[in-house]
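Asker: pasting a predicted model and its sequence here:
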Amino acid sequence: MGRSPCCEKAHTNKGAWTKEEDDRLVAYIRAHGEGCWRSLPKAAGLLRCGKSCRLRWINYLRPDLKRGNFSQQEDELIIKLHSLLGNKWSLIAGRLPGRTDNEIKNYWNTHIRRKLVSRGIDPTTHRPMNEASASQQSKEESREKCPDLNLDLRINPPLQNGHE
DNA sequence: AATTGGACCAACCGCCGCCAA
DNA sequence: ATTGGCGGCGGTTGGTCCAAT
């Protein structure tokens, strides 16, 4: 038997969020902060599963989100970080203030991947298409190529926005 | 004007690691 | 030492928009 579902699916909404649901979620988190996602929906009066609330908040409702087009600098940074970290979107997002892992993942898949391919660069290995091998070595090389990048990755405490 | 195919993006699914019991 | 619940992550899907035909 698999693990039990994270919530009572029969009593939860799915799909796009309504304005009212957004308002409820924002109001609740402003008042109580990000706490236990599992119990949040009930406490906030939402017919959603906790995971859905968390995702909506992190990817869309958080007040510190930048949104809008990616700048050229962000573009280059994502490519550099991806060459070093691979598909570790959350780590990459941690280096781009105001951007979410989901947003970066989408942006990578729709824009950057194609851009690299059109340049003849393999988006997985970050090497010219005709030398698909030696990906491990490439990581070491790119580390040397990007000494400006602070790769001392660490976990920071959550931003204290003083949930107004 | 209608159709269609691709691009984009929000949201879901399923797995994994951590940690408390 | 084991187990089950939870949060978090990456992959994927599905709906919407828009440009090309």
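Answerer: Everything's here; your move.
Asker: got phi/psi on residue A:128?
Answerer: Main-chain dihedrals, residue A:128, degrees, to the nearest 10: phi -50, psi 140.
Asker: for it, list the residues it contacts.
Answerer: For residue A:128, the contact set (Cβ atoms under 8 Å, 6 or more residues apart in numbering) comprises A:120, A:121, A:122. All C-beta spots, glycine's among them, are computed from the backbone N, C-alpha and C.
Asker: one more: residue A:90?
Answerer: residue A:101.
Asker: again, only this time at 10 Å
Answerer: Contacts for residue A:90 (Cβ atoms under 10 Å, 6 or more residues apart in numbering) come out as A:100, A:101, A:102, A:104, A:105.
Asker: what of residue A:24?
Answerer: A:17, A:18, A:41, A:44, A:45, A:46, A:48, A:53.
Asker: distance of the residue nearest to the spatial centre of chain A relative to residue A:81?
Answerer: By Cα atoms, centre = their mean, chain A has its centre lying nearest to residue A:101, at 1.0 Å. Remark: distance between residue A:101 and residue A:81 (Cβ to Cβ, to the nearest Å) = 12 Å.
Asker: separation between residue A:107 and residue A:20?
Answerer: Taken as Cβ to Cβ, the span from residue A:107 to residue A:20 is 29 Å.
Asker: got the contacts of residue A:24 as a markdown table, with pLDDT and neighbour count columns?
Answerer: Compiled in a markdown table, those are given as follows (pLDDT from 0 to 100; neighbours: other Cβ atoms under 10 Å):
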| residue | pLDDT | neighbour count |
| --- | --- | --- |
| A:17 | 94 | 18 |
| A:18 | 93 | 10 |
| A:41 | 92 | 25 |
| A:44 | 92 | 18 |
| A:45 | 92 | 12 |
| A:46 | 92 | 22 |
| A:48 | 92 | 23 |
| A:53 | 94 | 25 |
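Asker: can you tell me which of the residues you listed are up against DNA strand B?
Answerer: When these are checked against DNA strand B using Cβ under 7 Å from any atom of the strand, the ones in range are A:17, A:48.
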